[in-house]
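K.L.:
next input, structure requested:
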Amino acid sequence: MGIFSRARDIIEANVADLLDRAEDPAKTIRLAILEMEETLVEVRASAARTIADQKEMRRTIRRLEEAQLSWSEKAELALSKGREDLAAAALTEKQKVAAVAEQLRAEHELLAEQLAAQEDDIQKLEAKLREARARQASLIARLETAQNRVRVRAMTRGARIEEAFSRFDILERRVDLAEGRAESYDLGVPKTTLDEEIAQLRASDAVRAELEAMKRRLAAAKEA
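P.N.:
Residues are numbered from 1 along each chain as shown. Sure, this is the predicted structure:
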């Protein structure tokens with residue numbers, strides 16, 4: 001496929017339709033961008049050659065115009081010297097040079113039209129490339145979001161998570177049993193011993209006696 005036919009196909013292609021039909025949109029758009037970039041480089045290189053051809057052609061046309069002027073001067077000189085035959089020959093050469101120059105001018109016009117078409121293709125290719133790159137960024141962001149959602153759902157709903165929680169249940173059961181064994185040793189054991197209860201009674205009596213003494217002191221202080 002030629003450069004310009006491939007460039008035209010890319011320009012006329014619809015990026016959105018291309019992605020809708022693709023089995024792997026991310027890969028498809030990467031390949032499309034790569035092809036656009038390669039085609040753009042080729043079209044630019046072709047445009048550069050066209051510009052170079054135009055410059056060379058303009059130089060040739062200037063030389064031919066100078067040659068026409070030179071042959072015209074030679075014809076005038078020959079005619080002034082009475083050499084009409086030489087003047088006619090010089091004018092014949094001038095006409096030949098003029099015909100070549102005219103042909104080159106026509107070719108130069110064709111090159112100008114070709115360069116204008118290349119410039120238009122370059123602008124359209126660049127627009128397509130910007131569109132494709134924008135869609136690539138959006139597509140990659142959406143793809144990453146979808147992949148993250150899949151990973152999260154796999155983690156929260158997968159068999160490994162269920163297995164982990166079942167292990168937590170088993171561990172909790174083991175802790176409960178260990179705590180139960182520790183607490184079982186306290187079963188049937190009195191909260192306090194007899195000596196401790198008697199000591200508590202004595203402490204209570206001492207507190208009450210001190211309290212009564214304090215009341216009496218306060219009452220005596222009020223009466224004084």
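K.L.:
lowest-pLDDT helix or strand in the protein?
P.N.:
Ranking every helix and strand in the chain by mean pLDDT, DSSP states H and E puts helix 3-12 at the bottom, with a mean of 56.
K.L.:
please, where are all the helices along this structure?
P.N.:
For the chain, the helices defined by DSSP state H occupy 3-12, 15-21, 25-80, 84-157, 159-184, 194-223.
K.L.:
make CSV from these and add mean neighbour count to it.
P.N.:
Placement of C-beta: from N, CA and C, glycine included. Output for the helices of the chain, formatted as CSV (neighbours: other Cβ atoms under 10 Å):
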stretch, mean neighbour count
helix 3-12, 15
helix 15-21, 13
helix 25-80, 15
helix 84-157, 14
helix 159-184, 10
helix 194-223, 10
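K.L.:
how is this protein divided into domains?
P.N.:
Taking automatic domain parsing as the reference, the chain has its domains at 3-157, 190-223.
K.L.:
ok, Asn148 - contacts?
P.N.:
By Cβ atoms under 8 Å, 6 or more residues apart in numbering, no residues touch Asn148.
K.L.:
distance check, it against Ala141.
P.N.:
In this view, Asn148 and Ala141 are 11 Å apart by Cβ to Cβ, to the nearest Å.
K.L.:
likewise Met214?
P.N.:
81 Å.
K.L.:
got it, and Ser72?
P.N.:
Counting by Cβ to Cβ - Ser72 and Ala141 are separated by 71 Å.
K.L.:
cool, and Thr39?
P.N.:
26 Å.
K.L.:
Ala132 too?
P.N.:
From Ala132 to Ala141 the distance is 15 Å (Cβ to Cβ).
K.L.:
and Glu210, by the same measure?
P.N.:
Distance, Glu210 to Ala141, by Cβ to Cβ: 81 Å.
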